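> structural data only, the sequence is not supplied:
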């Protein structure tokens with residue numbers, strides 16, 4: 001596979017890269033960003049996945065969050081993929097369907113099934129690429145995300161518990177089967193049979209007997225809360241896991257990267273506690 005480096009920047013002592021490649025899974029050209037810490041001692045380094053939200057690309061997180069300071073402090077690599085196929089892939093009639101709205105599922109309905117396999121892209125194709133790009137990779141991984149990407153982080157983490165050490169999310173779509181964003185997307189990508197939606201709904205998945213450590217942070221000033229980001233169903237399903245699932249509300253914070261940047265250190269500390277244990 002041919003991978004082209006588009007950018008390289010020094011940031012907080014580490015290196016921020018941006019790449020593009022032709023994805024066999026998505027059948028389109030896609031970009032992703034990768035931060036590598038300086039690793040002066042040549043130690044084994046873990047990897048954290050960041051999954052972005054609706055309308056975003058990999059640039060939103062790398063340009064706005066300032067995550068590089070925490071990644072360098074903890075000596076952890078961070079991978080941020082794009083949020084959907086692009087180019088000739090089918091597009092929707094709004095910002096919440098099609099380009100920028102891959103929702104981290106494998107679509108089964110046309111015209112989406114030809115390209116929209118973001119779950120397989122993240123968990124298989126891009127995984128194979130990034131594991132080769134991280135020098136001294138320890139084999140340990142965690143996953144986090146925002147909004148649609150918070151949904152993606154929870155679904156991917158809960159469906160691959162033998163792979164990840166922990167999961168976290170900022171303002172995630174916790175129960176897509178019961179909110180307008182999710183119902184629109186799941187119907188379009190997966191069809192009208194709601195039984196098939198359960199595999200892509202973190203509220204259904206968190207009802208498993210055992211789950212990874214999970215941290216969710218939600219701002220009370222978020223314009224999408226609670227209509228799109230309702231927590232009641234998820235917390236009811238997660239109640240049996242006790243302290244393994246932490247849900248925190250932060251007064252006054254909205255849906256923006258100001259919110260993410262404020263609490264990002266807490267999320268990095270959470271993941272590193274589990275990656276280093």
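Happy to help now that I have it. Source: prediction; values computed, not measured. Numbers count the residues shown, from 1 in each chain.
> what about residue 114, how many residues nearby?
Each residue near residue 114 was counted by other Cβ atoms under 10 Å, and the total is 15. In short, each C-beta sits where N, CA and C put it, glycine included.
> check contacts around the residue nearest in space to the middle of the chain.
For the chain, residue 51 is the residue whose C-alpha lies nearest the centre (Cα atoms, centre = their mean; 2.4 Å). Residue 51 is in contact with 80-81, 83, 104, 122, 143-146, 148-150, 152-153, 156, counting by Cβ atoms under 8 Å, 6 or more residues apart in numbering.
> partner residues bridging it?
Note on residue 51: beta-bridge partners residue 145, judged by DSSP bridges.
> which one of the contacts of residue 51 sits closest to residue 212?
Closest approach between the contacts of residue 51 and residue 212, by Cβ to Cβ: residue 143, at 9.3 Å.
> pretty sure the closest one is touching residue 165, no?
No. Using Cβ atoms under 8 Å, residue 143 is not in contact with residue 165; the gap is 9.2 Å.
> on the three-state scheme, the residue of the chain most remote from its centre is what?
Distance from the centre of the chain peaks at residue 41, with 29.2 Å (Cα atoms, centre = their mean). Three-state assignment for residue 41 (DSSP: H, G, I helix; E, B strand; the rest coil): coil.
> what score does it have for pLDDT?
At residue 41, the model reports a pLDDT of 95.
> kindly report the same for residue 45.
You'll see residue 45 listed with a pLDDT of 97.
> and if you look at the one 10 residues further on?
Per-residue confidence (pLDDT) for residue 55: 97.
> and for residue 93?
Taking residue 93 on its own, its pLDDT is 89.
> what about it, how many residues nearby?
Neighbours of residue 93 using other Cβ under 10 Å come to 7.
> same question for residue 231.
18.
> ok, it touching residue 171?
No. The criterion here is Cβ under 8 Å, and residue 231 misses it with residue 171 at 10.2 Å.
> and the residue farthest from the centre of the chain, how far from residue 75?
For residue 41, the distance to residue 75 (Cβ to Cβ, to the nearest Å) stands at 8 Å.
> spatially, and excluding backbone neighbours, which residue is closest to residue 10.
In space, and not counting its chain neighbours, residue 10 is closest to residue 16: 7.7 Å by Cβ to Cβ, 6 or more residues apart in numbering.
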